[in-house]
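S.K.: predicted coordinates and the sequence they were generated for:
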Amino acid sequence: MSVWETLTGQDAVVDTLVTAASAAALIGGPDGAIAAARAGMTHSWLFTGPSGAGRVDVARTFAAALSCERATAAPAPDEPPGLPGCGECVGCHTVLTDTAADLRTVRAEGLSLGVHDVRALVRDAASAPTSGRYRILLIEEADRLTDSAANALLKALEEPADRSVFLLCAPSVDDVMPTIRSRCRVVALRLPSVDDLVTALLRDGVDERAAQVAARAAQGHLGRARLLAVDDQARARRAQVLALPGRLGRAAECLAAAADLVAAANADADAANSERDEVEAEALRTALGVGATSSGATGRSKRPTKSAPKAAPKARTMMVRGAAGALKDLEKSQKSRGRRTVLDSLDRALLDLAGLYRDVLARQLGATVDPVNPDAAAEIGRLAAAATPERTLRRLEAVLATRDALAANPGLVAQLAVESLALGLRDA
């Protein structure tokens with residue numbers, strides 16, 4: 001199966017990328033560089049689109065097409081030239097599994113992407129490809145680059161190596177420095193429609209009814225739709241969020257509902273990171289020799305006497321210089337990653353809550369639109385009868401404002417933000 005068939009709802013983008021990758025395969029042949037330039041093949045690309053549009057998936061698919069071995073293979077006399085991205089050759093397979101020698105992927109493990117990672121990426125970009133036609137550098141979240149990291153990347157984009165290709169991903173062009181986006185070809189993605197998501201889920205073997213509910217609840221996010229379709233825990237988390245408006249009675253009840261929501265987010269973070277954090281810490285301690293011992297006396301040994309036989313040397317603990325600092329840096333990085341996981345979980349919860357109030361408002365106004373939560377019709381009807389459209393709109397705006405505040409201020413205390421929201425929803 002071609003790598004392009006795995007993309008959902010991006011037909012126009014696929015056409016553009018196939019054309020560019022086909023031209024890129026000609027480089028090295030007669031007039032190859034001219035053909036690539038005319039087809040829009042360039043050394044830097046910026047993939048933009050909202051969460052769920054599949055920015056990283058599209059970028060990685062394009063990287064696989066650039067590395068495809070069948071694209072450059074000479075076809076049989078009676079066969080047309082192969083399109084890049086067969087999905088079966090070694091080049092495609094290794095890129096899709098992130099094991100290709102000529103692919104370097106950088107992702108923000110914490111709240112930001114620092115200059116050290118980018119400098120390593122720039123050094124890789126200056127190297128010639130080892131097995132493929134291009135050295136491909138994929139930055140999954142270019143919007144999280146620090147200022148110093150962005151400046152380091154800018155130097156590489158201004159003077160790119162002949163066979164290096166940068167693939168940057170960000171929610172929008174405004175999230176990237178103007179000097180960086182001006183040197184990239186922008187590829188704008190859209191959220192897949194409900195029908196697109198249903199088709200993808202049915203292709204995965206999901207029951208049609210479950211696919212319909214998951215596709216609508218995911219609000220265009222394919223990964224979220226797949227999770228809701230097969231994961232009981234994800235569905236239970238969503239049900240907990242949709243039940244939150246019914247718990248907003250007294251102030252104590254509002255605070256308890258908020259605490260439950262944050263606790264669920266913390267539980268998600270622990271489940272996602274605890275085992276990984278332990279493995280990373282143990283690997284670093286082993287590499288640094290922390291806890292290792294060596295035999296030998298620490299002071300001047302005394303000459304043994306007949307009455308006092310020679311004592312065995314005492315073991316002493318070894319410590320590599322700088323080990324404590326390295327372990328502290330790792331702990332800091334892990335805390336940042338955990339914090340980001342919590343914020344991502346809360347963001348999904350707030351998006352589900354916003355979808356619920358959107359359905360309530362649509363019911364109150366008699367709008368003929370499909371609901372986001374068809375499986376919560378009873379709760380939607382209860383909330384619609386208990387409030388006016390004005391109050392529902394204020395509640396929807398409060399949810400979206402909290403979501404924006406947490407995204408813009410990662411240092412904001414999530415517990416206080418969600419408690420304030422719960423009290424605000426009750427009083428709106």
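M.R.: Looks like it came in fine.

S.K.: host element of residue 45?
M.R.: Residue 45 is part of strand 44-48 when elements are defined by DSSP states H and E.

S.K.: strand partners of that strand, parallel vs antiparallel please.
M.R.: Applying DSSP bridges, strand 44-48 is found paired with strand 164-170 (parallel), strand 185-188 (parallel).

S.K.: need the contact partners of the helix or strand following the first one.
M.R.: This points to strand 164-170. Sequence order places helix 178-181 as the next helix or strand after strand 164-170, per DSSP H and E. With contact meaning Cβ atoms under 8 Å, 6 or more residues apart in numbering, helix 178-181 is reached by 46, 142, 150, 153, 154, 157, 168, 173. The C-beta positions use only the backbone N, C-alpha and C, and glycine is treated the same way.

S.K.: equivalent analysis for stretch 250-260, please.
M.R.: Contacts of stretch 250-260 (Cβ under 8 Å, 6+ apart): 240, 244, 247, 248, 415, 418, 419, 421, 422, 423, 425, 426.

S.K.: show the buried residues in those.
M.R.: The neighbour-count test (16 or more other Cβ atoms under 10 Å) marks 240, 244, 248, 415, 418, 419, 421, 422, 423, 425, 426 as buried among the contacts of stretch 250-260.

S.K.: host element of the last one?
M.R.: In this case it means residue 426. helix 414-427.

S.K.: who does that helix touch, helix- and strand-wise?
M.R.: The contact analysis (3 or more Cβ pairs under 8 Å, 6 or more residues apart in numbering; DSSP states H and E) places helix 414-427 against helix 251-288, helix 323-365, helix 389-408.

S.K.: determine which stretch of the ones you listed is the most buried.
M.R.: Greatest average neighbour count among the helices and strands packed on helix 414-427 goes to helix 323-365 (a mean of 19), per mean count of other Cβ atoms under 10 Å.

S.K.: pLDDT of that one, averaged?
M.R.: Averaged over helix 323-365, pLDDT sits at 86.

S.K.: which residues does residue 219 contact?
M.R.: Listed by Cβ under 8 Å, 6+ apart, the contact set of residue 219 reads 52, 191, 351, 355, 372.

S.K.: for those, which one is nearest residue 215?
M.R.: The closest of those to residue 215 turns out to be residue 372 (Cβ to Cβ; 10.2 Å).

S.K.: backbone dihedrals for the residue nearest to residue 189 when sequence neighbours are not counted, both of them.
M.R.: Nearest residue to residue 189 in three dimensions, chain neighbours excluded: residue 49, at 3.2 Å (Cβ to Cβ, 6 or more residues apart in numbering). For residue 49, the backbone dihedrals (degrees, to the nearest 10) come out as phi 160, psi 160.

S.K.: alright, I will stop here.
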